[in-house]
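S.K.: Sharing a sequence plus its predicted fold:
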Amino acid sequence: MVKDPIRKKPVVSGTISPLHKKKIDKLVEIGEFASVSDFLNQAVSEFLTKYELGSLPSQNGFPPSQLEVLRNLIREELSDINFEKTKKD
């Protein structure tokens, strides 16, 4: 009786669009990646690295670090503006 090989990595499953699957398969076919698993490992690794560094774009397209700089600049500019309504004589 042959034992099942012991996997060192956990198995996950999910769904992707047919177009993404086709593109991944093509990358594997031309040798850019050894397998779909290899592609997914690299893609997840790169995503998590960017996420942990705060360099992923937010929904508005700016990385969080740039957003904070923009917010601070806006706060500085707004602090100089007097928003009190002027009374008309």
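M.R.: Alright, I've got the coordinates.
S.K.: what bits of the chain have low per-residue confidence?
M.R.: Low-confidence segments of the chain, defined by pLDDT under 70: 1-4, 57-64, 82-89.
S.K.: need the helices for it, in chain order.
M.R.: Assigned by DSSP state H, the helices in the chain fall at 18-29, 36-53, 64-79.
S.K.: Mind listing what's buried along the second one?
M.R.: Yep, that's helix 36-53 we're talking about. For helix 36-53, burial by neighbour count (16 or more other Cβ atoms under 10 Å) applies to Phe39. Quick note: C-beta positions are derived from backbone N, CA and C, even for glycine.
S.K.: Measure how it sits relative to helix 18-29, angle-wise.
M.R.: 110 degrees (axes from the mean of the first three to the mean of the last three Cα atoms, to 10 degrees).
S.K.: Show me the contact partners of helix 36-53.
M.R.: 24-25, 27-28, 32-33, 56 (Cβ atoms under 8 Å, 6 or more residues apart in numbering).
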